[in-house]
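Colleague: Quick check, what structure comes out for this input:
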Amino acid sequence: MGSQERRFNVKKIAIIGAGPSGLAAAKYLIAQKVFEDIVIFERQDEVGGAWYYSREPTHTLHVPQVSASCPSDPPLHPEGKPPVFPSPMYEVLHTNIPRHLMQFSDKPFPEDSLIFPSRELVQEYLVEYAKDIRHLVRFSTLVQDVRLRQDSDGRDQWDVDALALETGEVTTTTYDAVVVASGHYYTTYLPDVKNIAEFHKAHPDVITHSKLYRTPEPFANKKVIVVGNSASGIDVAAQISRVSQQPLLLSVHSATPPAHLEWIRAQEVPAIEEFLVEERGVRFADGRIEKDVDAIVYATGYLFTFPFLKSIQPPLVTDGRRVYGLYKDLIYIDHPTIVFPGLPIKVVPFPFTESQAAIFSRTWANLLPLPSVEEMKKWEDEEAEKRGHAFHVWPKLGDANFINEVHDWIKKSGTEGKEPPYWNGELIWQRGIFFEAKLQFEIDGQKAKSLEELGFRYEPEDKELAKTTTPTKTLL
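Modeller: Numbers count the residues shown, from 1 in each chain. Below you'll find the model as predicted:
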């Protein structure tokens, strides 16, 4: 590439995953009207990705689990039905993002729905959103391997091996570009704390991960520790504490906001430093010992893994904490015909992935030139220096800046294709207050249909947040 503008010759595109990122990618690619063949590979028998709920959790649990090369959880085989890959969702779950902020730019949630929609409604919404592209999806099809080769002209080609789960047939098809929208909520992270393996061997029913959590009933009258206070940790702890022994212990590295701790009805404790096998207990970082613990739920998140991309060198992932070699957390620098939407954490995912799709669909259509390889690598190096180990964790309002920056930049580049989302002042305000609003929604019994019902009212004259979306530099 050097400093020359790279010209793409992309006609056939494979999308891996029919969750929100994959569905958005398909819509934006189709809207360019220059690509001849778009196929979406989906291992489940329905769209939705992580939102496609499975009542039965996975039966696989590795303790500890710190490896990005950990084998994928095998599917379950319900009688008379296609194989099911268990989701990380639990029975009673509402989004932590208000629906006007969460929705795709061209499809609102029903106006009479809860301000924080239930997981059931989100899944219905995604099925409805996918109606016009459903014919592109190959359901119950697992991508096993994606290999790069280059033709005689040096053009990228991607050979995709796909397994039809119901017949066992494997087919290999060649594509000009690949969208990796496989998600990152399936390879659990469970830290290697002192003596944890020995503890788990002696007490195999005590330690679990939030991926396996479905309902609080199994924790009734038990002494419980929940590890982690991100969105899932707070949710799971609040549900379990209603039935468990009091107080539920919430083990954290950083303090939980007092209002949330009060809602959870938990006692905050430091990180677990050591497991005590004989006592069925733990020692916390402050020296406190808790014995006769019945259950420990790790809500410690997931690792980035791409089991079908092992042939890419150098590896995309090492310890699973970040994906290497990407420009703007999205485009593979050495071979920009493969992209990875949906990696950033602590962003509003649906509109965010729309903005990403607007970028790569126009790039492959030769409407948006990329910087040189040297410039893109320099960007990655500088970001790695600034961001540290939490590389894909974006700052507050980082998504607002990105979404509006992309919108303005795309509008200047021409009218071809699908217009990406734009957040006005009210949506940016919602982005700033939704953490507190979600707590009030829970306290009020999960029944509010507007932020106003929860006591949050937008007053434009008092809001300066829209100014934060002014671009400070050219995005690409």
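Colleague: for the spatially closest residue to Pro83 that is not a sequence neighbour, what are its contacts?
Modeller: Counting by CB to CB, 6 or more residues apart in numbering, Pro83 lies nearest to Pro75, which is 3.8 Å off, once chain neighbours are set aside. (C-beta placed from N, C-alpha, C; glycine too.) Going by CB atoms under 8 Å, 6 or more residues apart in numbering, Pro75 touches Arg43, Pro83, Val84, Phe85, Leu165.
Colleague: Surely the first one is in a strand?
Modeller: No. Residue assignment for Arg43, taken from DSSP: H, G, I helix; E, B strand; the rest coil, gives coil, which places it outside any strand.
Colleague: doesn't Leu165 make contact with it?
Modeller: Yes. Arg43 lies in contact with Leu165 (CB atoms under 8 Å); the separation is 7.0 Å.
Colleague: Can you list the residue ranges for strands in the stretch 201-350 of the chain?
Modeller: Remark: strands assigned in the stretch 201-350 of the chain by DSSP state E, counting those that start in this stretch are 207-209, 224-227, 248-251, 266-269, 272-276, 281-284, 289-290, 295-298, 326-327, 331-332, 338-339.
Colleague: of all these, which gets the most neighbours per residue?
Modeller: strand 224-227 (a mean of 27; mean count of other CB atoms under 10 Å).
Colleague: Which strands or helices does it pack on?
Modeller: Packing partners of strand 224-227 (3 or more CB pairs under 8 Å, 6 or more residues apart in numbering; DSSP states H and E): helix 231-241, strand 248-251, strand 295-298.
Colleague: how about the ones you listed, which one is nearest Gly445?
Modeller: Distance to Gly445, taken as CB to CB, is lowest for helix 231-241 among the helices and strands packed on strand 224-227, at 13.0 Å.
Colleague: Which parts of the stretch 101-250 of the chain are helices?
Modeller: Residue ranges of the helices in the stretch 101-250 of the chain, as given by DSSP state H, counting those that start in this stretch, are 119-129, 196-202, 231-241.
Colleague: so which of those is the most packed in?
Modeller: helix 231-241 (a mean of 23).
Colleague: from the chain's centre, how far out does it sit?
Modeller: Centre-to-centre, helix 231-241 and its host chain are 19 Å apart (CA atoms, centre = their mean, to the nearest Å).
Colleague: which other residues reach it?
Modeller: By CB under 8 Å, 6+ apart, helix 231-241 touches 90, 92-93, 96, 210, 213, 215-216, 219, 224, 226-227, 229, 247-248, 250, 256, 260, 263-266, 297, 299, 301, 442.
Colleague: and what of stretch 432-444?
Modeller: Contacting residues not belonging to stretch 432-444 are listed as 94, 96-98, 101, 114-116, 238, 259-260, 263, 396-397, 430, 448, 451, 453-456, 465 [CB under 8 Å, 6+ apart].
Colleague: Helix, strand or coil: sort out Glu383 for me.
Modeller: Once three-state DSSP is applied, Glu383 turns out helix.
Colleague: For it, give me its contacts.
Modeller: Glu383 touches Phe391, counting by CB under 8 Å, 6+ apart.
Colleague: Adjust the sequence numbering to begin at 131 for everything that follows.
Modeller: Okay, using 131 as the starting number, the last item reads as Glu513.
Colleague: Next one: it, what pLDDT does it get?
Modeller: Per-residue confidence at Glu513 stands at 96 (pLDDT).
Colleague: measure it to Phe438 for me?
Modeller: 26 Å (CB to CB, to the nearest Å).
Colleague: the domain parsing of the chain - what is it?
Modeller: 140-314+431-553, 324-426 (the TED database).
Colleague: mind giving me CSV with the helices and strands packed on strand 354-357 and columns for mean pLDDT and distance to Lys458?
Modeller: Below are the helices and strands packed on strand 354-357 laid out as CSV (pLDDT from 0 to 100; distance: least, CB to CB, whole Å):
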stretch, mean pLDDT, distance to Lys458
helix 361-371, 97, 25
strand 378-381, 98, 35
strand 425-428, 98, 31
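Colleague: among those, which is nearest Ser485?
Modeller: helix 361-371 (21.8 Å).
Colleague: For this structure, which element, helix or strand, carries the lowest mean pLDDT?
Modeller: Lowest mean confidence among the helices and strands of the chain (mean pLDDT, DSSP states H and E): helix 528-543, at a mean of 93.
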